[in-house]
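A.B. asks: need a structure here:
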Amino acid sequence: MIFDSLKNKDNYKWNSFLYQALCFLDELPPDALPEANTVLIPDILFCNPVSLSTRPESECMYEAHRKYIDVHYIVSGIEGIATADTSVLTEVTPYSEEKDIAFYSGKEDGRYYLSSGQFMVCYPSDAHKVAIALGQPAPANKIVFKIKVEV
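C.D. replies: Okay, here's the model as predicted:
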């Protein structure tokens, strides 16, 4: 798991796919969201805009993916994301190969409140509980990138 700010994008030149995603973000106008299913590299790297309302943690559940790494980038608002290693969680909904997702419950290893310009990278072992409200539920806009694990 990585938690950082877009202003530090040059620290990630070692990972060409992540760096390309961060460069794409850096070139977007402030508060802009890309079109749905924007493809940067066919079959490897794409993104989607997400407009959400944060909610109480009790309404959120851990998710994890096997085929893709998630990059959550906050455009506006504040979103809490809790993380935990999948190996210490209890699987609630078995992995769906078609949807590339499984759901889990358990205790967090860490929690981060992301605001505009910040991002989090979640690898397949990083279960993440998204859309957690900081206080009262509030709107947030973000962009979620998917980076294929095996290329």
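
A.B. asks: Please make it C-alpha for all contacts and neighbour counts, starting now.
C.D. replies: Fine.

A.B. asks: Phi, psi for residue 88 please.
C.D. replies: When quoted as degrees, to the nearest 10, the phi and psi of residue 88 stand at phi -110, psi 0.

A.B. asks: my guess is it contacts residue 108, does it?
C.D. replies: No. Look at residue 88 against residue 108 with C-alpha atoms under 8 Å: they stay out of range, at 9.3 Å.

A.B. asks: neighbour count winner among the two?
C.D. replies: residue 108 (17 against 14; other C-alpha atoms under 10 Å).

A.B. asks: Who's the closest spatial neighbour of that one, skipping the chain neighbours?
C.D. replies: Spatially, and ignoring its direct neighbours in sequence, residue 108 is nearest to residue 84 (4.9 Å; C-alpha to C-alpha, 6 or more residues apart in numbering).

A.B. asks: which outside residues touch the helix or strand hosting the one you found?
C.D. replies: Using DSSP states H and E, residue 84 sits within strand 78-85. With contact meaning C-alpha atoms under 8 Å, 6 or more residues apart in numbering, strand 78-85 is reached by 54, 62, 107-116, 125-134, 138, 140.

A.B. asks: Which of those fall in strands?
C.D. replies: Secondary structure from DSSP state E places 62, 110-115, 126-132, 140 of the contacts of strand 78-85 in strands.

A.B. asks: helix, strand or coil for the most centrally placed residue in the chain?
C.D. replies: By C-alpha atoms, centre = their mean, the chain has its centre lying nearest to residue 72, at 2.9 Å. Under the three-state scheme (DSSP: H, G, I helix; E, B strand; the rest coil), residue 72 adopts strand.

A.B. asks: now the strand holding residue 84 against strand 126-132, angle please.
C.D. replies: 160 degrees (axes from the mean of the first three to the mean of the last three C-alpha atoms, to 10 degrees).
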